[in-house]
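[1] sequence unavailable; structure follows:
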C-alpha cells in the first residue's frame, strides 16, 4: 500500500515537508478511540497513537483536533515510548455539522473526503428537507455529493423512481442511484467512484442499509448488520464509531454511525448557492427589501401560488436561513465570551507575576543585614 493509495497528493506533501526534516512520518487516521487513534502508514503498517500536548493546546476548539480522515505527522516511538501525533496537516475538505444539542460547536464527520454519499430509501426515511440540509453541508465541505436510494427491493419501481427524481430536482449536480445491497443493484456503479486514492464517506439515518452496502463493496462481512424490522424495513444500525477502510480494489471508505440531527454548520453564501432558484426569484421582487410575505410585487409568493415553487422548499429555505443566522449570533457571543475569559486570565497571570516578583524582592537579604562574624 502506498501513500497515494491512502489519498496522499502533492498538496499534502508540501504541507508535510517541514516535519519530514524532523524525522517524523506521514500517516492517515483511520479510527478515533477517544483516548488513542488508529493510524495507517505507508506499506499498510497500523499504529495505535496518542495526541501530542502541543497539538491539543494549539487547537482553539474540538473541531481542530485530529479526526478520522486527517493526515498527521507521527513521531514513531521506540522501546516503551508511545507513537505520538506531533502535527495535523491542513484539511483539503472537511464535512461537518453543528454538534447535536444547544452547543455552538462544530463536529467533524470526515476529513479529506472527495465524495459524501448520502444513503436513504424511498420509504419512511425519505425526506427532501433533510436532503437539502445534507446538500448545503456538502457544498461547504468542498466534497461532491452522491445519493443512494437504497433498499429498492422493499419498494415499487415507481416509488423508487419518484424519490430519485425528486432528489435530482433539488440538487441537479448530485449523482443519484437506486440501489439494493441485498440484490446487488447498482453496487458496481458505486465501485466506479472508488478509484485508488479517492475517499468517500457514507452518511444517513440509522437502518437505511449503509453497513449492507459497505459489506457489498468490501466483499465480506466487515460490518455487523442488525436485524431488519418487517414492518418498517429498518435495521438496528450497528456502526458505533467512525472508521476508515481501504478497499481491496482501490478507494478509501469512511463509515459513520447513523445521523439523527443534520444541523447547519455553514454560511449564508453557501445556502444561497444551494437555493439559487429562490435567490433568482428574490431578485425579481418589486422591492429590494421584500419580506416575501404580504409585500406587493413579491416574485417568490407569486411562484408559490402558481405552483412554480414548492411551498415546502421555500419554508425549508427560511428555516435553514433562520438556523444559520441563529448559529452566527451564538458563535459571535461565544467568541466574545472567550475573548473576555482570555483577557481575564491574562490579567490574573500578570497580577500573579507581579505578586511573585514583589515577594521575591522582599525575600532578598538587604545589604548589611548579616554582619561578618568576628574572628
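    That came through, no problem. On a predicted model such as this, the values are computed, not experimentally measured, just so you know. Numbering: from 1, shown residues only.
[2] C-alpha only now, for contacts and for neighbours.
    Noted.
[3] what sits up against stretch 86-94?
    Applying Cα atoms under 8 Å, 6 or more residues apart in numbering, the set of residues contacting stretch 86-94 from outside is 12, 15-16, 51-52, 54-55, 65-66, 70-75, 108-114, 141-143.
[4] give me the mean pLDDT for the host helix or strand of residue 322.
    Assigned by DSSP states H and E, residue 322 belongs to helix 311-363. On average, the pLDDT along helix 311-363 is 71.
[5] follow-up on the earlier one: just the buried ones from the contacts of stretch 86-94, in ChimeraX syntax?
    Restricted to buried positions by 16 or more other Cα atoms under 10 Å, the ChimeraX selection for the contacts of stretch 86-94 reads:
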select :12,16,51,65,66,70,71,72,73,74,75,108,109,110,111,112,113,114,141,142,143
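[6] okay, now the unreliable bits of this structure?
    For the chain, the stretches with pLDDT under 70 are 99-104, 219-241, 258-273, 324, 326-339, 341-342, 364-375.
[7] partner strands of the one helix or strand residue 109 maps to, parallel or antiparallel?
    If you go by DSSP H and E, residue 109 is part of strand 106-111. Sheet partners assigned to strand 106-111 using DSSP bridges are listed as strand 94-98 (antiparallel).
[8] tell me which other helices or strands the strand or helix carrying residue 188 touches.
    Using DSSP H and E, residue 188 sits in helix 187-191. Secondary-structure packing of helix 187-191 (3 or more Cα pairs under 8 Å, 6 or more residues apart in numbering; DSSP states H and E): helix 210-218.
[9] buried ones in the helix or strand that contains residue 18?
    Element membership of residue 18, judged by DSSP H and E, is helix 10-20. Using 16+ other Cα under 10 Å as the burial criterion, the residues of helix 10-20 that qualify are 12, 16, 19.
[10] which residues are contacting it?
    By Cα under 8 Å, 6+ apart, the residues outside helix 10-20 that reach it are 25-26, 71, 73, 89-90.
[11] inside strands: which ones of those residues?
    Counted as lying in strands by DSSP state E, out of these, are 25-26, 71, 73.
[12] what sits against residue 354?
    Contacts for residue 354 (Cα under 8 Å, 6+ apart) come out as none.
[13] I should have written residue 52 there, sorry.
    With Cα under 8 Å, 6+ apart, residue 52 has these contacts: 84-87.
[14] one more: residue 131?
    Applying Cα under 8 Å, 6+ apart to residue 131 gives the contacts residue 167.
[15] which element is it on?
    Element membership for residue 131, per DSSP H and E: helix 128-141.
[16] how far out from the middle of the chain is the helix or strand following that helix?
    Downstream of helix 128-141, the next assigned helix or strand under DSSP H and E is strand 144-150. Distance of strand 144-150 from its chain centroid, counting by Cα atoms, centre = their mean, to the nearest Å, is 17 Å.
[17] between the helix or strand just after strand 144-150 and strand 144-150, how many degrees?
    Note on strand 144-150: by DSSP H and E, the next helix or strand toward the C-terminus is helix 157-170. Computed by axes from the mean of the first three to the mean of the last three Cα atoms, to 10 degrees, the angle separating helix 157-170 from strand 144-150 equals 160 degrees.
[18] and the contacts of helix 157-170?
    Helix 157-170 has contacts (Cα under 8 Å, 6+ apart) with 121-122, 126, 128, 131-132, 149, 152, 174-178.
[19] now the one residue sitting closest to the centre of the chain. Nearest residue, chain neighbours left out?
    Nearest residue to the geometric centre of the chain (Cα atoms, centre = their mean): residue 96, 2.5 Å. Leaving out its chain neighbours, the residue that sits closest to residue 96 by Cα to Cα, 6 or more residues apart in numbering is residue 108, at 4.3 Å.
[20] please list all residues in contact with that neighbour.
    Contacts of residue 108 (Cα under 8 Å, 6+ apart): 63, 67, 94-97.
[21] just give me the closest of these to residue 321.
    Of all those, residue 321 sits closest to residue 97, with 15.1 Å by Cα to Cα.
[22] and the gap between that closest one and residue 34?
    Separation of residue 97 from residue 34 (Cα to Cα, to the nearest Å) stands at 19 Å.
[23] please say which of these two ends up with more neighbours.
    residue 97 (22 against 7; other Cα atoms under 10 Å).
[24] from what I can see that one touches residue 107, true?
    Yes: counting by Cα atoms under 8 Å, residue 97 touches residue 107, with 5.4 Å between them.
[25] what's across from residue 26 in the sheet?
    With DSSP bridges as the criterion, residue 26 is bridged to residue 73.
[26] burial measure for it, as a count.
    Other residues within reach of residue 26, judged by other Cα under 10 Å, total 25.
[27] what do you get for residue 6?
    By other Cα under 10 Å, 25 other residues sit near residue 6.
[28] which residues touch it?
    By Cα under 8 Å, 6+ apart, the residues touching residue 6 are 28, 196-197, 246, 251-252.
[29] many thanks, we can stop here.
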